[in-house]
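A.B. asks: coords below, sequence missing:
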């Protein structure tokens, strides 16, 4: 969920979403207090995270988008892992943060369905690969798994995991 801070997702909407009891991933653009205690993962940028750090300390999972430096995974208030940017030749950063949210969310849910233990870290790795591909395009782009595979060795464990995620998403 995200309304880019436009106000459409207010406290009432947040409580209605919470009542659904579905895994909820939030690209936070306002104060995160209505989400962090129950959402599956929140996705602030670095400035938003630092502005509301005490609130984010209560979250199960937070992916802090750190622009060209990559992203940081925080679990239960503790820095868990930092993944550097995978971009080599940045041409257009429009949509990079949205790519991180979308790739992390879909990967996380697929890995959950597959029973994968380290789904947060693996999902963030995949998300950074997708974002790296997106920002190397002239125009706003939505990379595919085929685009992401180009940078991976087919014999690597990570390639095999990415392939399993792709197969799960096709179901």
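C.D. replies: Noted; the coordinates are in hand. All figures in this text were calculated on a predicted structure; none of them were measured in a lab.
A.B. asks: domains for this structure, by residue range?
C.D. replies: Domain segmentation of the chain under automatic domain parsing yields 1-84, 86-171.
A.B. asks: what's the least confident stretch among those?
C.D. replies: Looking at those, the lowest mean pLDDT belongs to domain 86-171 (a mean of 81).
A.B. asks: next, the distance between the ends of that one.
C.D. replies: 28 Å (C-alpha to C-alpha, to the nearest Å).
A.B. asks: on that earlier part again, let me have the domains of the chain in a markdown table, adding mean neighbour count as columns.
C.D. replies: Where you see a C-beta, it was placed from the backbone N, CA and C, and this is true even at glycine. Output for these, formatted as a markdown table (neighbours: other C-beta atoms under 10 Å):
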| stretch | mean neighbour count |
| --- | --- |
| domain 1-84 | 17 |
| domain 86-171 | 17 |
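A.B. asks: packing partners for the host helix or strand of residue 161?
C.D. replies: Element membership for residue 161, per DSSP states H and E: helix 157-170. With contacts defined as 3 or more C-beta pairs under 8 Å, 6 or more residues apart in numbering; DSSP states H and E, the packing partners of helix 157-170 are helix 96-113, helix 119-135, helix 145-149.
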